[in-house]
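Novice: just the structure for this:
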Amino acid sequence: MTAGGRARALGVNHVALEVDSVDAAIEWWSRFFELELRGRRSGMAWIDLGDQFVALSEPRSQPADDSRHFGLVVDDKERLRAALSDAGMDVLGSGSLRFQDPWGNAIEIVDYRDVQFTKAPRVLHGMGLDGLQKRDEALEELRAKGLG
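Specialist: Take a look at the predicted model:
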């Protein structure tokens, strides 16, 4: 606990997304991401993202996200950009990578090598990503906060 009895936020455990069909969402996500199904029950499924997860639930009850989004960290943003483009998704050719899934959930993609978000070496190893290294700018960002 920090001073004043306030809890210190350590990270995000999961993001919950509404979709029209859990089956269709699992199929869509698996087109672009290596994933493992963590669990499932009627109208819900959980897909692992390393040591975190995305919860999918049906039905979707809200309109498409115009400005609200969540950021997803990947090992290779440009490889994903190419896969999305090849699948006919409307994405920019370079720079930021944002798109909506078929149910209107807005997703921003960031490359692990470029951001301060960090996985413990044993987690990277367990994910088969031993060689994944931060770029200098991300390392400097971590050092500036006393984290690198």
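
Novice: all contacts plus neighbour counts: C-alpha atoms, from now on.
Specialist: Fine.

Novice: going along the chain, name the strands of this structure.
Specialist: 14-18, 36-41, 44-49, 52-57, 70-74, 97-100, 106-111 (DSSP state E).

Novice: surely Leu142 is in contact with Arg135?
Specialist: No. Under the criterion of CA atoms under 8 Å, Leu142 is not in contact with Arg135, lying 10.9 Å apart.

Novice: what comes up buried for the least confident helix or strand in the chain by mean pLDDT?
Specialist: In the chain, no helix or strand scores lower on mean pLDDT, DSSP states H and E than helix 121-126, which sits at a mean of 86. Neighbour-count burial for helix 121-126, counted by 16 or more other CA atoms under 10 Å, picks out Leu124.

Novice: can you show me the CA trace of that helix as CSV?
Specialist: Taking C-alpha atoms only, helix 121-126 is exported to CSV below (Å, rounded to 0.1, in the frame of the first residue of the first chain):
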residue,chain,number,x,y,z
PRO,A,121,11.8,-12.7,-18.5
ARG,A,122,10.2,-16.0,-17.3
VAL,A,123,6.8,-14.9,-18.7
LEU,A,124,8.5,-14.0,-22.1
HIS,A,125,10.2,-17.4,-22.0
GLY,A,126,6.9,-19.2,-21.3
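
Novice: which residues sit against it?
Specialist: The set of residues that contact helix 121-126 without belonging to it, under CA atoms under 8 Å, 6 or more residues apart in numbering, is 50-51, 130, 132.

Novice: also stretch 43-61?
Specialist: Residues outside stretch 43-61 that contact it (CA under 8 Å, 6+ apart) are 12-22, 25, 35-40, 103, 123, 127.

Novice: list the buried residues for that stretch?
Specialist: Of all the residues in stretch 43-61, those buried under the rule 16+ other CA under 10 Å are 44-49, 53-58, 60.

Novice: can you tell me which two in the residues you listed are farthest apart?
Specialist: Leu49 and Arg60 (21.8 Å; CA to CA).
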